[in-house]
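Peer 1: Have a look; sequence and predicted model below, questions after that.
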Amino acid sequence: MKCPHCNAEVEERNFCSNCSKPLKPKWYQKNSPLTIFILFAAFAFLAICVYFSVLMGL
């Protein structure tokens, strides 16, 4: 197996023996479209909650 970071030939493990970085990808990616959508949906939900709480409080 090749390490995606340093291209060294390594055994099948969790971390590279050459550069010590993880060999298996995480279940999420930092800037993936799904992550951005979830953040946007959470902020929209909070904004709607604040709007209605202010509206009902008046």
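Peer 2: Happy to help now that I have it. Numbers count the residues shown, from 1 in each chain.
Peer 1: From here on, just use CA atoms for contacts and neighbour counts.
Peer 2: Will do.
Peer 1: Quick check: which ranges of this structure have low pLDDT?
Peer 2: Scanning the chain for pLDDT under 70 picks out 25-30, 58.
Peer 1: which residues of this structure fall in helices?
Peer 2: For the chain, the helices identified by DSSP state H occupy 33-57, in order along the chain.
Peer 1: Dump stretch 50-58 to CSV, keeping only the CA atoms.
Peer 2: The C-alpha coordinates for stretch 50-58 follow below in CSV (Å, rounded to 0.1, in the frame of the first residue of the first chain):
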residue,chain,number,x,y,z
VAL,A,50,-34.3,33.6,17.1
TYR,A,51,-36.6,35.4,14.7
PHE,A,52,-39.7,33.6,16.0
SER,A,53,-38.7,34.0,19.6
VAL,A,54,-38.3,37.8,19.1
LEU,A,55,-41.6,37.9,17.2
MET,A,56,-43.5,36.0,19.9
GLY,A,57,-41.9,38.0,22.6
LEU,A,58,-43.2,41.3,21.4
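Peer 1: Run the chain-centre distance for it.
Peer 2: Stretch 50-58 has its C-alpha centroid displaced from the chain centroid by 32 Å (C-alpha atoms, centre = their mean, to the nearest Å).
Peer 1: Mind listing what's buried along that stretch?
Peer 2: Across stretch 50-58, burial judged by 16 or more other C-alpha atoms under 10 Å covers no residue at all.
Peer 1: Number the residues from 57 up from this point.
Peer 2: Taking 57 as the first residue, the last one we looked at is stretch 106-114.
Peer 1: can you list contacts of it?
Peer 2: Taking contacts as C-alpha atoms under 8 Å, 6 or more residues apart in numbering, no residue outside stretch 106-114 touches it.
Peer 1: what about the nearest residue to Pro60 once chain neighbours are set aside, neighbour count?
Peer 2: The shortest distance from Pro60 to any non-neighbouring residue, by C-alpha to C-alpha, 6 or more residues apart in numbering, is to Leu79 (7.1 Å). Counted with other C-alpha atoms under 10 Å, residues neighbouring Leu79 total 18.
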